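A.B. asks: please find the sequence and the predicted model below.
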Amino acid sequence: MKTRILAACAYGFALAVFAQTGDVKPPESLVIEGVPPIPAALAERVGRYTDFRAAGFSSWHPTRREMLIGTRFANVTQAHLVKSPGGARTQMTFSPDRVSGAKFDPKTGNSFIFSKDVGGNEFFQLYRYDFGDGTVTLLTDGRSRNTGARWSNGGDLIAYGSTRRTGDDVDVYVQNPRDPKTDRRVVDLPGGGWEVADWSPDDKTLLLVEGISINESYLWLVDVATGAKTPLTPRGKDRISYQNASFARDGKSLFVTADQGSEFQRLARMDLASRKLEFLTPDSADVEDVDLSPDGRTLAYVTNEMGHSAIHLMDVAARRELPGPKLPLAVVSGIRWHRDGGAIGFTMETARSSADAYSFDPKTGQVERWTTSELGGLNPDTFAEPELVSWKSFDGREITGFLYRPDASKFPGKRPVSIEIHGGPEGQARPRFLGAWNYAINELGVAILLPNVRGSSGYGKSFLLADNGFLREGAYKDIGALLDWIGTRPDLDADRVMVAGGSYGGHMTLAVAYLYSPRIRGAVDVVGPSNLVTFLENTSGYRRDLRRVEYGDERDPKMRAFLEKTAPMTNAEKIQKPLFVIQGYNDPRVPRSESEQMVARIRKVGTPVWYLMAKDEGHGFAKKSNRDYQFYATVLFMTQFLFGSQ
């Protein structure tokens, strides 16, 4: 019997003794290089923490109080039907790949449409599921990327965006999903940032959003019959972001959120005749989601208040706030009114509860939980509640984050820290349920710190713009200041820190690994760009211009020189602490070449590097079998390098 002992050294206890009778057999889809065998004993201990489920509200049945949700029973998320709060989750789709965006036919509820890709390649296809006989029908061409399908008010058409014409530009198509042969391209559009926001009440006009960046977008009207398009918002030096756009019930105005003349996305009404905005909410928090009641009298909207969500109701005519639901400190998404106006569906999660589907009755104030996702049999009261923390960065700017600390009575003294950096860059770390990472807190005594460096959303557009282009290094330095701050905390150990992140968070991880190598124990990069020049040159064409606005245009010689100079690839010899790189073979956003070139370079430097690649995944691992092995390997990396002596 092989025994592996991992010691905590200065912490005065042994982390684990792996009484190992065998190793975990990895899924056949994984390519594993440099990762030691995973002891079966480790997987057994971690297992309950990987058995968490989550559920998300997708759509209301038009005539019955039933909803479609997305949840996972087997390996990937599928569409399920739930007929009552707490009712059975009946699986409707059975695919080896994850299903998303399920939406009932808004008139009869006899069918629903959904979206699915293959192996995480994000070339989404649209399908129709029929309740009558259980058949599934492909609605799109099977090759292009098709997104954002929206039912017409009459329930006989859908409109969606597709790259079918050029592979890069997103044009708008319309079809009767009961007869896919009716599919037709309504309008040719330049660029990859277009999406269908809504149908007019008479279904003759489409409302489109043209996205240039997270800080700049425009609204258009498109005639469904002719394809003629009319701009609603002017182009000028003042860049404005318009989001959450939809028609009022009379078709003469829109509801939209915008940051015109403000820091935050405020809810507004736009008169279509004058094109003027009347703002309905203050400039204090982003309005993230909006839905208008079927009778047009009440707006439901969600605000982001320092990471926490609040649901508000507004009387449209009186411009008066109505009583909303009383919620815990939570993150809420996907609010939608039922067609009878008697309930609002949404998804909610907290630090101690995985995401689940809920409803709110605006007349009674009652909140009902439709799903209760399993937590591996663990007691959620043992999960850490996050603490909002802040520190000053190199330029005096305040940076905030959420700190999840282990139980001090179980783990006394200074605790090792894992800094987990979110993607985006325009994302935001929020006080969510940490899932399997609760194992690191509860069983290893590791503190998890989620920073919101400059460039994160939720803190105003000035903060959002503070890392663009030549300002990129400021975000890296925010983590340097965080390392200083950790050293001031009596409960955290600045000598035992690792850094991890996915997507842009993976890029940040690599940058931190070379800039602050002496101050960390190791780094875990998940699908992160290793060089923003090669990333921009090789990312999918439909998103390249969008990313250039954020990172800078690599075709400009000065910008290219800056990006090359600051790239982790260029500075790989400075990475002297162990690195774990995780990648999906089919990733259309951050191509696997970004990880492959980094791994090859680190090997030449001589720094220890682990590499895990899944042949059936894209931008992150979606399949539970792959995700579990990734987490086992990450725990092994953490215990070996965060706790082991160096």
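C.D. replies: The structure has been received and is ready for your questions. Residues are numbered from 1 along each chain as shown.
A.B. asks: beta-bridge partners for residue 218, please?
C.D. replies: residue 210 (DSSP bridges).
A.B. asks: give me the number of residues near it?
C.D. replies: Counted by other Cβ atoms under 10 Å, the residues lying close to residue 218 total 20. Placement of C-beta: from N, CA and C, glycine included.
A.B. asks: and the strand or helix carrying residue 47, what does it pack onto?
C.D. replies: Element membership of residue 47 [criterion: DSSP states H and E] is helix 40-50. Applying 3 or more Cβ pairs under 8 Å, 6 or more residues apart in numbering; DSSP states H and E, one finds that helix 40-50 contacts strand 14-20, helix 438-442, helix 624-637.
A.B. asks: ok, which of the ones you listed comes nearest residue 192?
C.D. replies: With Cβ to Cβ as the criterion, residue 192 lies closest to helix 624-637 of these, at 28.1 Å.
A.B. asks: run through who's touching stretch 233-247.
C.D. replies: 197-201, 207, 209, 212, 214-219, 253-260, 265, 267, 275, 287-292, 461 (Cβ atoms under 8 Å, 6 or more residues apart in numbering).
A.B. asks: helices - which of the residues you listed land there?
C.D. replies: Using DSSP state H, the members of the contacts of stretch 233-247 that fall in helices are residue 461.
A.B. asks: quick one on the thing from earlier: the helices and strands packed on helix 40-50 into CSV, with extra columns for distance to residue 351?
C.D. replies: As requested, those are exported to CSV (distance: least, Cβ to Cβ, whole Å):
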stretch, distance to residue 351
strand 14-20, 24
helix 438-442, 9
helix 624-637, 19
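A.B. asks: which one of those lies closest to residue 149?
C.D. replies: Closest among the helices and strands packed on helix 40-50, using Cβ to Cβ: helix 624-637, at 26.6 Å.
A.B. asks: what helices or strands is the closest one leaning on?
C.D. replies: Applying 3+ Cβ pairs under 8 Å, 6+ apart, one finds that helix 624-637 contacts helix 40-50, strand 522-526, strand 579-584, strand 609-614.
A.B. asks: okay, the angle between the shortest one and strand 579-584?
C.D. replies: Inter-element angle recorded for strand 522-526 and strand 579-584: 10 degrees (by axes from the mean of the first three to the mean of the last three Cα atoms, to 10 degrees).
A.B. asks: how about the first one?
C.D. replies: Calculated by the same axes, to 10 degrees, helix 40-50 forms an angle of 60 degrees with strand 579-584.
A.B. asks: distance from helix 40-50 to the middle of the chain?
C.D. replies: Taking Cα atoms, centre = their mean, to the nearest Å, the mean C-alpha location of helix 40-50 is offset from the chain mean by 26 Å.
A.B. asks: which residues does residue 276 contact?
C.D. replies: Residue 276 neighbours (Cβ under 8 Å, 6+ apart): residue 270.
A.B. asks: got CSV for the helices and strands packed on helix 624-637, with mean pLDDT and mean neighbour count too?
C.D. replies: Converted to CSV, the helices and strands packed on helix 624-637 look like this (pLDDT from 0 to 100; neighbours: other Cβ atoms under 10 Å):
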stretch, mean pLDDT, mean neighbour count
helix 40-50, 95, 18
strand 522-526, 98, 27
strand 579-584, 98, 27
strand 609-614, 98, 23
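A.B. asks: turn those into TSV, including distance to residue 370.
C.D. replies: Below are the helices and strands packed on helix 624-637 laid out as TSV (distance: least, Cβ to Cβ, whole Å):
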stretch	distance to residue 370
helix 40-50	24
strand 522-526	31
strand 579-584	32
strand 609-614	32
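A.B. asks: which residues in the stretch 51-200 of the chain form strands?
C.D. replies: Secondary structure of the stretch 51-200 of the chain by DSSP state E, counting those that start in this stretch: the strands cover 55-60, 67-71, 78-82, 90-91, 99-104, 111-116, 125-130, 136-138, 146-151, 158-162, 171-176, 179-187, 194-199.
A.B. asks: out of the ones you listed, nearest to residue 229?
C.D. replies: strand 179-187 (5.9 Å).
A.B. asks: now do the buried residues in the closest one.
C.D. replies: Using 16 or more other Cβ atoms under 10 Å as the test for burial, strand 179-187 gives 183, 186-187.
A.B. asks: now the angle from the helix holding residue 47 to helix 624-637?
C.D. replies: Using the same axes, to 10 degrees: helix 40-50 against helix 624-637 is 120 degrees.
A.B. asks: of all the buried residues of strand 179-187, which comes closest to residue 133?
C.D. replies: Closest to residue 133, out of all of those and judged by Cβ to Cβ, is residue 183, at 22.2 Å.
A.B. asks: setting aside sequence neighbours, what's the nearest residue to that closest one?
C.D. replies: residue 175 (3.8 Å; Cβ to Cβ, 6 or more residues apart in numbering).
A.B. asks: does the one you found touch residue 184 like I think?
C.D. replies: Yes: between residue 175 and residue 184 there is a contact at 6.9 Å, judged by Cβ atoms under 8 Å.
A.B. asks: need the contact list for residue 353.
C.D. replies: Residues counted as contacts of residue 353 (Cβ under 8 Å, 6+ apart) are 380, 433.
A.B. asks: can you read off the backbone torsions of it?
C.D. replies: The phi/psi pair for residue 353 (degrees, to the nearest 10) reads phi -150, psi 120.
A.B. asks: what's the answer for residue 508, then?
C.D. replies: phi -60, psi -40.
A.B. asks: measure the residue nearest to it when sequence neighbours are not counted to residue 467 for me?
C.D. replies: Spatial nearest neighbour of residue 508, chain neighbours left out: residue 421 (4.6 Å); criterion: Cβ to Cβ, 6+ apart. According to Cβ to Cβ, to the nearest Å, residue 421 and residue 467 sit 12 Å apart.
A.B. asks: looking at these two, which is more packed in?
C.D. replies: For residue 421 and residue 467, the more surrounded residue by other Cβ under 10 Å is residue 421, and the numbers stand at 33 against 25.
A.B. asks: before we move on, back to that, which of the contacts of stretch 233-247 fall in strands?
C.D. replies: Among these, DSSP state E puts 197-199, 207, 209, 212, 216-219, 253-258, 267, 287-292 in strands.
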